[in-house]
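Colleague: need a structure here:
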Amino acid sequence: MEKQPTYKNIHNRFKLNGNHYRFEDLFEVAYSFIKEGEEHERAIGDFLMDWIRPNPTITLRTSGSTGTPKLITYKKQAMVNSALATGNHFGVNIGDRALHCLNADFIAGKMMLVRAMILGLELDLLPPQGNVLAHNTTHYDFAAMVPLQVEQAFGELNRIKTLLIGGAPSSSQLKARLKEKTTHCFETYGMTETLTHIASRRINGSTNAFSSLPQVQLGTDERGCLTIQVPYLFDEAIITNDLVELQDDQSFVLKGRIDNVINSGGFKLMPEEIEQKLSQFLPFPFFVAGVADDNLGQKLVLIAEGEVPAGCLESTEIKAALGKYELPKAIYTLAAFSRTPNGKIQRAQSLAQLDL
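Modeller: Model (predicted):
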């Protein structure tokens, strides 16, 4: 059996911004980024400095999208194993040209660096703000972006062969537009606890089910929420709050988070499913939520960012697309939502601004 590389085994084909680096060269690179680099490079420098330390573990901070951010300690070998699994799953090859345009303060940005070092990729570092593909005319084999970056770089996406999209939900409108692209676009499912994705779904494909990476063991608990066991990452199973419909032991359809479920007059409503339907028609940022109601227990409402057109929920198309109890009964607006650094709406914090 071929021996697994360790975190010190930087691939001899690894390049960063066009330059070859070995493990012993990374201190100089990290120090330079920390002292003289741009904002996005300083976070990369901090991570590389942690990576080369002899400590076999590294501490990661969760994004806080579903609660208070917390610190988690993982073995560096688990991150190496995750990078190898990604390479196998998406057909990433030695010497492929890859783009790094994510915030390296968070796990997705860190893992792009690990993949490049372990898999032997030629990695270009670009600032995460704005149209990330406006900085050059390079064609890339592999990249990862959040949905906002995909929107901003949409006209240039055909320069990327395989694109992973995660960190926040993609709207139905964006998914529909991506079907015209030659890029292989994948929506990913994962979290800091799973060292980014453990499953993916081809956006411009034919199924809405996520398929797991090799060796990932899927299940559900008594609530119908997804459980995940990944032997090459950790010993214990992760129990999520994500309601799913298992297709088989390697695929699932994501329904939404159990803590977002709205009980309105005895009917259970899934906000994420309603939002997917509404996103075909509403061009502004929004989410739906349940607020206290004397008659219904919870009343379904729509929370919008910025101004919204009068009567925006009254079209016959919207009413036809929604189920009998899925039409919001009121609209509230906020000047700006609370968001995570990767753009995901923080529902509870945003709703708290309204003091309903």
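Colleague: give me the low-pLDDT residue ranges for the stretch 1-150 of the chain?
Modeller: Low-confidence segments of the stretch 1-150 of the chain, defined by pLDDT under 70: 1-2, 63-68.
Colleague: which residues in it form strands?
Modeller: Remark: strands assigned in the stretch 1-150 of the chain by DSSP state E, counting those that start in this stretch are 15-16, 19-20, 57-61, 71-75, 97-100, 122-125, 140-145.
Colleague: tell me the domain boundaries of this structure?
Modeller: 15-214, 261-352 (automatic domain parsing).
Colleague: and these: which comes nearest Glu245?
Modeller: Each of the domains of the chain was scored for nearness to Glu245 using CB to CB, and the closest is domain 15-214 (8.5 Å). For every residue, glycine as well, the C-beta is placed using N, CA and C.
Colleague: so what's the gap between that closest one and the chain middle?
Modeller: When C-alpha coordinates are averaged (CA atoms, centre = their mean, to the nearest Å), domain 15-214 and its chain have centres 10 Å apart.
Colleague: endpoints of that domain, how far apart?
Modeller: 27 Å (CA to CA, to the nearest Å).
Colleague: single out the most deeply packed of the domains of the chain.
Modeller: Mean neighbour count (mean count of other CB atoms under 10 Å) peaks for domain 15-214 among the domains of the chain, with a mean of 18.
Colleague: of the domains of the chain, which is nearest Thr240?
Modeller: Closest approach to Thr240 among the domains of the chain (CB to CB): domain 15-214, 7.8 Å.
Colleague: do a quick rundown of the helices in the stretch 1-150 of the chain.
Modeller: Using DSSP state H, counting those that start in this stretch, the helices found in the stretch 1-150 of the chain span residues 26-36, 39-52, 76-90, 107-119, 147-152.
Colleague: could those go into CSV alongside distance to Ser279?
Modeller: Shown next, in CSV, are those (distance: least, CB to CB, whole Å):
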stretch, distance to Ser279
helix 26-36, 38
helix 39-52, 29
helix 76-90, 26
helix 107-119, 23
helix 147-152, 11
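Colleague: what's the closest of the ones you listed to Arg223?
Modeller: With CB to CB as the criterion, Arg223 lies closest to helix 107-119 of the helices of the stretch 1-150 of the chain, at 25.5 Å.
Colleague: looking at the helices of the stretch 1-150 of the chain, which is nearest to Thr6?
Modeller: Of all the helices of the stretch 1-150 of the chain, helix 76-90 sits nearest to Thr6, with 6.4 Å by CB to CB.
Colleague: could you say what helices and strands that closest one packs with?
Modeller: strand 57-61, helix 107-119, strand 196-202 (3 or more CB pairs under 8 Å, 6 or more residues apart in numbering; DSSP states H and E).
Colleague: hang on, the earlier thing: distance to Ala237 added to the domains of the chain, as TSV?
Modeller: What follows is those, written out as TSV (distance: least, CB to CB, whole Å):
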stretch	distance to Ala237
domain 15-214	11
domain 261-352	22
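Colleague: what's the closest of the ones you listed to Ile239?
Modeller: Nearest to Ile239 among the domains of the chain is domain 15-214 (10.3 Å), distances taken as CB to CB.
Colleague: and the domains of the chain: which comes nearest Glu236?
Modeller: domain 15-214 (10.3 Å).
Colleague: any chance of the strands of the stretch 1-150 of the chain in CSV, plus distance to Asp242?
Modeller: Converted to CSV, the strands of the stretch 1-150 of the chain look like this (distance: least, CB to CB, whole Å):
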stretch, distance to Asp242
strand 15-16, 35
strand 19-20, 41
strand 57-61, 20
strand 71-75, 18
strand 97-100, 28
strand 122-125, 31
strand 140-145, 21
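Colleague: between these, which one is closest to Tyr325.
Modeller: Tyr325 sits nearest to strand 140-145 of all the strands of the stretch 1-150 of the chain, at 35.3 Å, using CB to CB.
Colleague: packing partners of that closest one?
Modeller: Strand 140-145 sits against strand 97-100, strand 160-165, with contacts defined as 3+ CB pairs under 8 Å, 6+ apart.
Colleague: would you format those as a markdown table with distance to Leu334 included?
Modeller: What follows is the helices and strands packed on strand 140-145, written out as a markdown table (distance: least, CB to CB, whole Å):
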| stretch | distance to Leu334 |
| --- | --- |
| strand 97-100 | 33 |
| strand 160-165 | 26 |
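Colleague: of those strands, which is nearest Lys70?
Modeller: Taking CB to CB, strand 160-165 is the member of the helices and strands packed on strand 140-145 nearest to Lys70, at 24.2 Å.
Colleague: gap between the closest residue to Lys15 other than its chain neighbours and Val244?
Modeller: Distance criterion CB to CB, 6 or more residues apart in numbering; nearest residue to Lys15, sequence neighbours excluded, is Glu122 at 4.2 Å. Between Glu122 and Val244 the distance, using CB to CB, to the nearest Å, works out to 37 Å.
Colleague: same question, Lys8
Modeller: 38 Å.
Colleague: neighbour count winner among the two?
Modeller: Under the criterion of other CB atoms under 10 Å, the comparison of Lys8 against Val244 puts Val244 first, with 22 against 15.
Colleague: adjacent strands (with direction) for the strand or helix carrying the more buried one?
Modeller: Assigned by DSSP states H and E, Val244 belongs to strand 238-248. Next to strand 238-248 in the sheet, as set by DSSP bridges, lie strand 225-229 (antiparallel), strand 251-257 (antiparallel).
Colleague: quick check: phi and psi on the residue nearest to Arg347 when sequence neighbours are not counted?
Modeller: Using CB to CB, 6+ apart and skipping the chain neighbours, the partner closest in space to Arg347 is Phe287 (5.9 Å). Dihedral pair for Phe287: phi -150, psi 160, per degrees, to the nearest 10.
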